[in-house]
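Engineer: here is the input, now give the coordinates:
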Amino acid sequence: MIYYYLVSNLLFVCLLIQFTFKGESNIRFIIKLIACLHFVALALFALSTKQFNQKEIFLCLGLVFSFFGDLALGLKYKYKQALKFGLLLFMGAQVMYIISFGFNAYTFMIWIPLLLMMYFMGVRIRKNKHYNFKNMGLGVIVYACLLSLMMSTALAQWDLRLLSASFLCALGAILFLGSDFLLLHLYFYDHKKTSLVILYLILYHVGQNCLALSLWVK
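Structural biologist: Residues are numbered from 1 along each chain as shown. Reported below is the predicted structural model:
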């Protein structure tokens, strides 16, 4: 089952990359919808085959919020408010992931340095005239704080075993952060690079699939 899933997911991500270069369209939106449905379906099927706990429910909710966030972002070429709505949905996803991973003694030891790095990065970006946050600056800041906290909670709960659920969550969180860093340049920077689009889509979908796959292992 996992084999067929991976082949199908790879096919639709490749199609999504191809149609992304052709510009926004209804066909691209449908392909994006199907590609993103993969990690939600994988998570929901995992929960349907076993007894699940509260943390796994919140992880699945995070994937569902992410799916609807992708849905909103896919409609930004039709509706002006879709980008803001998508940002709110992804904020909800980060909150769900944070609750799922939980807090321990290492969480803030990781989060504080991350916040400092983001602060200095934000200062540099603010001085760059090529960035235009379209009156969404405050929302982007809040989202960046939630995203960094999400990655901190994921790393803090990793038990250092490879191919464990905690490892897949930590890897998924890192890839999620990397994809959103690229998305910052794709959505708000004047000069976009084609290579960044490919890398963003790969990092995002691999990251989300890592989170979904964590529900299949111990």
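Engineer: spit out the contact partners of the residue minimising distance to the centre of the chain.
Structural biologist: Nearest to the centroid of the C-alpha atoms of the chain, with distances taken as Cα atoms, centre = their mean, sits residue 176, at 4.3 Å. For residue 176, the contacting residues are 147, 150, 151, 203, 204, 207, 208, 211, by Cβ atoms under 8 Å, 6 or more residues apart in numbering. The C-beta positions use only the backbone N, C-alpha and C, and glycine is treated the same way.
Engineer: closest one of those residues to residue 22?
Structural biologist: residue 204 (19.2 Å; Cβ to Cβ).
Engineer: what average pLDDT does the helix or strand hosting the closest one get?
Structural biologist: Assigned by DSSP states H and E, residue 204 belongs to helix 194-213. Mean pLDDT, computed over helix 194-213, is 92.
Engineer: what residues does the helix or strand hosting residue 17 touch?
Structural biologist: Following DSSP H and E, one finds residue 17 within helix 2-20. Identification of contacts with helix 2-20 by Cβ under 8 Å, 6+ apart yields 25, 27-28, 31-32, 34-35, 38-39, 42, 197-198, 201-202, 205, 209, 216.
Engineer: do that again at 7 Å, thanks
Structural biologist: With contact meaning Cβ atoms under 7 Å, 6 or more residues apart in numbering, helix 2-20 is reached by 25, 27-28, 31-32, 34-35, 38, 42, 197-198, 201, 205, 209.
Engineer: now do stretch 119-136
Structural biologist: Contacts for stretch 119-136 (Cβ under 7 Å, 6+ apart): 84, 87, 140, 188, 189, 190, 191.
Engineer: the same query, at a cut-off of 6 Å, please.
Structural biologist: Residues outside stretch 119-136 that contact it (Cβ atoms under 6 Å, 6 or more residues apart in numbering): 140, 188, 189, 190.
Engineer: which among those end up buried?
Structural biologist: By neighbour count, with 16 or more other Cβ atoms under 10 Å, the contacts of stretch 119-136 hold 140, 188 as buried.
Engineer: can I get the contacts of stretch 119-136 in a markdown table with distance to residue 110?
Structural biologist: A markdown table is the format used below for these (distance: Cβ to Cβ, whole Å):
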| residue | distance to residue 110 |
| --- | --- |
| 140 | 21 |
| 188 | 26 |
| 189 | 27 |
| 190 | 33 |
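Engineer: please narrow the contacts of stretch 119-136 to those residing in helices.
Structural biologist: Mapping these onto helices (DSSP state H) picks out 140, 188.
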